[in-house]
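Asker: generate a structure from the sequence data that follows.
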Amino acid sequence: MEYTIKGNDIHVFEPDLDLDETLDCGQAFRWKKAESEYFSEYTGSFLNDSLRISQLDKENFIFHNTSEEDFLRKWSDYFDFATDYSALKTAFSQDETLAAACKFAGGIRLLRQDSWECLISFIISQNNNIPRIKGIIDRLCEHYGGKFPTPLQLAAETPDSLSYLRSGFRSKYICDAAGRVASGETDLNAIAEMPIEDARKQLKMILGVGPKVAECVLLFGMHRVEAFPIDVWIKRVLAQYYPEGFPEFAKDNAGIAQQYLFHYIRNLSE
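Answerer: Purely as a prediction, here's the structure:
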């Protein structure tokens, strides 16, 4: 990643990023595509700081109204610019299917999200589609003045008081997660540092957090790149292309490989 400062904007050169593939692929839910003169443009938030980002072409981006300090302190880390995705894709391409997936959606990056927001987002995501997930999270943030609520704020809620979300059975799961995190019973920072099996067990103690949600929180909210969420699409990939098991060489970064495969198989099937 290279960048220059032009007025109040940061201009970024990064060949391994595509906004559509990264911001609208189901790993984060507070980004919205905007009408724009550019190739692509999104507005969204991370840790309740908002950002407008435009993609000029395949390799050039503008981070609008962003100081160099904020870009380096927050957004560079959020977009995982320190990781060499070209090298990862080269390594993945030892496998024929992964090579095709990387070629198809080479602009996917793993966002380094906040673990608390990620936990609640993926609890909401259960048996849900992306537009509806975004709608529930929008209503939640609107209720709290446009900001994602803290664990303490949400711990004061009940399933009945969350009826405005129209999140159904998920409301009781949200309340349980909030109570555990607010009380310190569930320490997300500690879980992020645990051996992966211990981390999985701790997350699954939260009501409604099963294997898939736990893996998503580990991967997207704690950057545990060995985590490997399995949904209907990845089950299809594993059955069709990896009946003898996922390639051993890719397991240390299986979660990133999963992102390429998920996008590939889902679009291949349309």
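Asker: list the contacts of the nearest residue to Cys141 once chain neighbours are set aside.
Answerer: Using C-beta to C-beta, 6 or more residues apart in numbering and skipping residues adjacent in sequence, the residue nearest Cys141 is Phe148, 5.6 Å away. C-beta here means a position set from N, CA and C on the backbone, and glycine is covered the same way. Contacts for Phe148 (C-beta atoms under 8 Å, 6 or more residues apart in numbering) come out as Arg30, Ser45, Asn48, Glu117, Ile120, Ile137, Leu140, Cys141.
Asker: which ones among the residues you listed lie within helices?
Answerer: When the contacts of Phe148 are checked against helices (DSSP state H), the matches are Glu117, Ile120, Ile137, Leu140, Cys141.
Asker: out of those, who's the most crowded?
Answerer: Ile120 (25 neighbours; other C-beta atoms under 10 Å).
Asker: any chance of TSV for the ones in helices among the contacts of Phe148, columns pLDDT?
Answerer: Shown next, in TSV, are these (pLDDT from 0 to 100):
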residue	pLDDT
Glu117	97
Ile120	98
Ile137	97
Leu140	97
Cys141	97
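Asker: quick check: phi and psi on the residue nearest to Cys141?
Answerer: Backbone torsions of Phe148, given as degrees, to the nearest 10, read phi -70, psi 130.
Asker: which residues in the stretch 1-150 of the chain form helices?
Answerer: Using DSSP state H, counting those that start in this stretch, the helices of the stretch 1-150 of the chain run over 19-23, 68-70, 76-78, 85-92, 96-104, 115-124, 130-143.
Asker: what's next to the fourth one, contact-wise?
Answerer: Just to be clear, that refers to helix 85-92. Counting by C-beta under 8 Å, 6+ apart, 15-16, 98-99, 101-102, 106, 109, 249-250, 253, 256-257, 260 sit against helix 85-92.
Asker: for Gln202, which of the helices of the stretch 1-150 of the chain is the nearest?
Answerer: Nearest of the helices of the stretch 1-150 of the chain to Gln202, taken as C-beta to C-beta: helix 115-124 at 11.5 Å.
Asker: chain center to the closest one: distance?
Answerer: How far helix 115-124 lies from its chain's middle: 10 Å, per C-alpha atoms, centre = their mean, to the nearest Å.
Asker: check which residues of the helix or strand bottoming out on mean pLDDT in the chain are buried.
Answerer: In the chain, no helix or strand scores lower on mean pLDDT, DSSP states H and E than helix 254-268, which sits at a mean of 91. Buried residues in helix 254-268, counted by 16 or more other C-beta atoms under 10 Å: 254-266.
Asker: columns distance to Ile130 on top of those residues, output as TSV?
Answerer: Shown next, in TSV, are the buried residues of helix 254-268 (distance: C-beta to C-beta, whole Å):
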residue	distance to Ile130
Ala254	23
Gly255	19
Ile256	20
Ala257	21
Gln258	17
Gln259	15
Tyr260	18
Leu261	18
Phe262	13
His263	13
Tyr264	17
Ile265	16
Arg266	11
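Asker: which one of those residues is nearest to Arg180?
Answerer: Gly255 (24.1 Å).
Asker: tell me, how many residues neighbour the closest residue to the closest one other than its chain neighbours?
Answerer: Leaving aside its chain neighbours, Gly255 sits nearest to Leu219 (4.1 Å; criterion: C-beta to C-beta, 6+ apart). Neighbourhood size, Leu219 [other C-beta under 10 Å]: 25.
Asker: if I pick Leu219, what's in contact with it?
Answerer: Counting by C-beta under 8 Å, 6+ apart, Leu219 has contacts Leu110, Val225, Ala227, Phe228, Pro229, Gly255, Gln258.
Asker: wait, a strand at it?
Answerer: No: with DSSP: H, G, I helix; E, B strand; the rest coil as the criterion, Leu219 is helix rather than part of a strand.
Asker: what's the least confident helix or strand of the chain packed up against?
Answerer: For helix 254-268, the packing partners by 3 or more C-beta pairs under 8 Å, 6 or more residues apart in numbering; DSSP states H and E come out as helix 85-92, helix 96-104, helix 232-241.
Asker: what comes up buried for the second one?
Answerer: Taking 16+ other C-beta under 10 Å as the neighbour-count basis, helix 96-104 is seen to contain the buried residues Thr97, Leu98, Ala101, Cys102, Phe104.
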